[in-house]
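Asker: sequence and predicted structure are below.
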Amino acid sequence: MIPADAFYAGLFKVAAAAAGFVTDSSGRVLLVKPGYRDHWGWPGGHIDEGESPEAACGRELAEELGLTRPVGRLLVVQWVPPLDDRPVPLVHFLFDCGTFEQDGTRVVLQEEELDDYGFFTAEQAASLMPAYLVARLTAAQRARATGETVYLPATVVE
């Protein structure tokens, strides 16, 4: 019998990440521009050891934007195979984090990680993100409208 530590040490590695899908009252999606990559994406990041995806989503929103948001239901799970800038596959969890009301709540960017943020229509967002993130955006909009959870396979990325 293989000892558990040896068995798990030999398993395939996968990165896990979580993010929040936040819109404004007109339906525009909140995106962030990291300083470490060329495209925009959702506020979120890698899941820490021992942390659940929904806890990571809430933590990342607080760290990156200074926002305390209720983390709602899971909208999209996406499998992203290795990419040029990430040598391991990624499983991404996108949670519904509601509508941002203009109630005086301020967004405070995590300066060491983010360059900017904004609210964008789907058409505007499509020009700022790679195709696999556009597929995630479309799936999240559909999932929020229908109450489903969408799984996006690797073929969406190819």
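Answerer: Structure received.
Asker: and the longest helix for the chain?
Answerer: helix 131-146 (DSSP state H).
Asker: ok, and for that helix, which residues are buried?
Answerer: Across helix 131-146, burial judged by 16 or more other C-beta atoms under 10 Å covers Y132, L133, V134, A135, R136, L137, T138, A139, A140, Q141, A143, R144. Backbone N, C-alpha and C define where each C-beta goes, glycine included.
Asker: any stretches of this protein with poor pLDDT?
Answerer: Filtered on pLDDT under 70, the chain yields the residue ranges 103-104, 156-158.
Asker: try it again at 80.
Answerer: 8, 10-11, 84-85, 102-105, 155-158 (pLDDT under 80).
Asker: for it, what spans make up the helices?
Answerer: 4-9, 53-65, 122-126, 131-146.
Asker: okay if I get those as JSON lines plus distance to R86?
Answerer: Converted to JSON lines, the helices of the chain look like this (distance: least, C-beta to C-beta, whole Å):
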{"stretch": "helix 4-9", "distance to R86": "21"}
{"stretch": "helix 53-65", "distance to R86": "17"}
{"stretch": "helix 122-126", "distance to R86": "21"}
{"stretch": "helix 131-146", "distance to R86": "12"}
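Asker: ok, D24 - contacts?
Answerer: L30, T99, F100, Q102, F119 (C-beta atoms under 8 Å, 6 or more residues apart in numbering).
Asker: circling back: and the helices of the chain: which comes nearest P89?
Answerer: helix 131-146 (12.3 Å; C-beta to C-beta).
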